[in-house]
Structures are given as C-alpha cells and as structure tokens.
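Chemist: based on what follows, work out the 3D shape:
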Amino acid sequence: MLTGVARMTAMEGSRHLTHLVGSPVHLKCENLQRTGSFKLRGAYVRIAGLSPEERAAGVVAASAGNHAQGVALASTLLGVRSTVFMPVAAPLPKVAATREYGAEVRLHGQVVDETLAAAQEYARETGAVFIHPFDHPDIIAGQGTVGLEILEQCPEVRTILVGLGGGGLAAGIALAVKAVRPDIKVICVQAEGAAAYPPSLRAGRPVSITEQQTMADGIKVGRPGEITFPMIRDLVDEVRTVSEDELSSALLLCLERAKLVVEPAGASPVAALLSTPKAFRGPVVAVLSGGNVDPLLMQRILRHGMAAAGRYLGLRLRITDRPGALATLLGVLSVADANVLDVSHVRTDPRLGLTEADVELHLETKGPEHCVDVTAALREAGYTILG
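Modeler: You can find the predicted model right below:
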C-alpha cells in the first residue's frame, strides 16, 4: 500500500555513538521521510481504508505539525478533502507546509487540547472523518512499517530505541518487530517533563498528567491512547526518560556529527544513548522520527545544547573602573582563546564602590576543560569572579 508513497528511509551508521556504546549504532532517518516525519505512513493507511462514502465526507485532523502534514499529503494523494486544525501559535513554517500539501488549515486554540476539541466538533457537525494522530489500528499498522524496514536494513539489530508520545509509532514498531523477532528489545524514550507512560504503567491503565513541559513537542502527549497503551505495556521492554539538557545535546550531536536536522522528539533515542551509553545491547537502531523543527526554536535549542555541552561560559566579574580596564580583561580572554559573544559593563549600580565596575560576559569555549582553563586564567590575572 505504501509503495511509491512513503520512502524507505536511509539507515546511517554513527561512528561517534558506536564508540560511546561499544557496539554498532545505526540511525533510522525518518526525519528524511516525505513531510519530514513518519506520520505520512499511518495517515495514508488510515485514509486509504475509508469507504467511498467516508472519503466523500472528507477528513479532519488536529495537530501542531507532523500529523497535520502527514494527513494533508495523504489526503491529497488519495483525492480526499482535508481540514486541519492547528493551534494559533503553531510555527509558521509548519502551517505553510500543511497548506502546501493541500489541506485547509484553521487556526484555533492556544493549546493542542483546544485545537483537538475544535476538530472533533467540526467532525460531528460536518460528518468528516476524524483522523486520530495515534490511537487507531490503521495508524499503528502504518507506523509499524518502520519496524519492518529496520529488520530488512539491519537484520542483526538487537535493540531498537524509539521516542514515545501517544504511542502509535512505538506500538507499531514493537508489534511488527516482535512478531518476527521476539528476541529484539524495543525501548521507548519519553521526555522527563511530559512522561505519561511511567505513571500509567504503574497504575495499569492510561493516566493523564497535568504538567507537560518539554521542548520535544512531537512526544508531548498528556495521556496514553486506549489502543496503544496495552500494546506498549505488553510488547515494549522498557520505557526510559531523558532530560531537556540531554535532548538538546542529542539534537546538537545529530547536526554536528551526523549532518542531520532532527527535531527534539526525533532526537530522544539519541539522548537516551548519550545518557547511559553502556546500557544497551548492540547493534542498536535509534529511530530519528522527525526533522520538522522551527528555525527559531532550533536556534534556542542549539544554544541550550552548547551550554549543556560546556561550550558556553557565563561569568560575572568585578574590575577597577578606570580607562583601559575592560580592554585589559578582554586581552586576558584573548590569550585564553575564549570567544566573547557579548559583554555587559555596569558602572552605575549603587552597590558598587566609587572605583568599581561589574562586567558580565558570555563566552564561547571549546568544552568543559577549556571553561576551567579560562576561569583559572582570569583568577591568575587577579580578577574576582562573582558568579
């Protein structure tokens, strides 16, 4: 069904991650899929299975990005009218892409829950078929083709790492892989700030979480699906969580080492590898589920990732307020080979003495060891570091 629709995406080896893990690590590049994520697979299978009457009524979906684009393209390919509700604050590139793929886009709500409610109300009023982002057998089956491709491209695989939001992709991969190779471990990864599965697995049923704070909006789901939950419970070997620092570091690694643009949710399996590299039996396949990241968010994440990797250093110093004092300080930093990104020179704070000034510096460094060297050079030059 998906032949000629979804690409068999590349499987790329990662020498850096292989060195960290101690066994081969491969990246399944669904960020290079049409529409920029795996979502096209499930959306196409779901819409292709509609009756002629259902197709005539059209489809409706709610999404902040990836599902929206998958439904839009799948509908266009199948000649079905699609309406996609997106939050008012959805990134402009994602809104534009969804329209270009052929959907009518309606902006509604400040959060996805409000957008979802509007889409479901539209479905009730018009008869359009609501296309759920993850909790439907056809959606799960379509996403499961990623697992079949992994088995074909890397038959020696022992562990598959995949990001976990609602559970459509993870459930599909686990179902497909375990049916053929029950010895393979499937490990899911959630963001610490939006991890609904750990408490749900402890409770034995889907549990809603109220707090969802993460940059990984692709796996930011407050409640597991009714269909996906028992599949994750029964088929997945482990659910892990990763921090925001680990997510941003993983995204930076994908960009620098693998030359791949990956969104935070798509980088979550790599974050798990960075967090505990020796915990996984290889060969390992990490599924990069998507690459749709807003450029402004990418800029912030990269800064965050560089800070987490020790490549930014923020310092506050006290110097003597005299002509040439700032130039002398910058000279010390030049000798220490630290690149100054910005400087704030405060001379009028009432807490300062008559001959004192505070300087706040943001520096680009070469890593944690270089940060230590720069700090030591400043202290040796007689500067007092306040923070």
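
Chemist: where are the low-confidence patches of the protein?
Modeler: Applying pLDDT under 70 to the chain picks out residues 347-350, 352-354.

Chemist: strands of the stretch 201-350 of the chain, start to end?
Modeler: 238-242, 284-288, 312-320, 339-346 (DSSP state E, counting those that start in this stretch).

Chemist: which one of these is the most hemmed in?
Modeler: Greatest average neighbour count among the strands of the stretch 201-350 of the chain goes to strand 284-288 (a mean of 29), per mean count of other Cβ atoms under 10 Å. In this view, the C-beta of every residue, glycine as well, is placed from N, C-alpha and C.

Chemist: direction included, what does it pair against?
Modeler: strand 25-29 (parallel), strand 159-163 (parallel) (DSSP bridges).

Chemist: neighbouring contacts of the first one?
Modeler: What it means is strand 25-29. 9-14, 17-18, 146, 149-150, 153-154, 157, 254, 258, 260, 270, 273, 282-288 (Cβ atoms under 8 Å, 6 or more residues apart in numbering).

Chemist: what does the last one give?
Modeler: Contacting residues not belonging to strand 159-163 are listed as 147, 150, 169-170, 173, 177, 184-190, 216, 218-219, 265-266, 268-269, 272-273, 280-287, 289 [Cβ under 8 Å, 6+ apart].

Chemist: quick one: it to strand 238-242, angle?
Modeler: 50 degrees (axes from the mean of the first three to the mean of the last three Cα atoms, to 10 degrees).

Chemist: and strand 159-163, how far out from the chain's middle?
Modeler: 14 Å (Cα atoms, centre = their mean, to the nearest Å).

Chemist: for stretch 88-101, same thing?
Modeler: 18 Å.

Chemist: give the buried residues for it.
Modeler: Ala90, Pro91, Lys94, Val95, Ala97, Thr98, Arg99, Tyr101 (16 or more other Cβ atoms under 10 Å).

Chemist: quick check: the farthest pair among these?
Modeler: Maximum pairwise distance in the buried residues of stretch 88-101, criterion Cβ to Cβ, is 15.2 Å, between Pro91 and Tyr101.

Chemist: what's in contact with the biggest helix by length in the chain?
Modeler: Ordering each helix of the chain by length in residues (DSSP state H) puts helix 137-153 first. Helix 137-153 is contacted from outside by 2, 6, 8-9, 11, 26, 28, 30, 38, 41-46, 49, 131-134, 157, 160, 168-169, 171-177, 180-181, 227-228, 231, 285, 287, using Cβ under 8 Å, 6+ apart.
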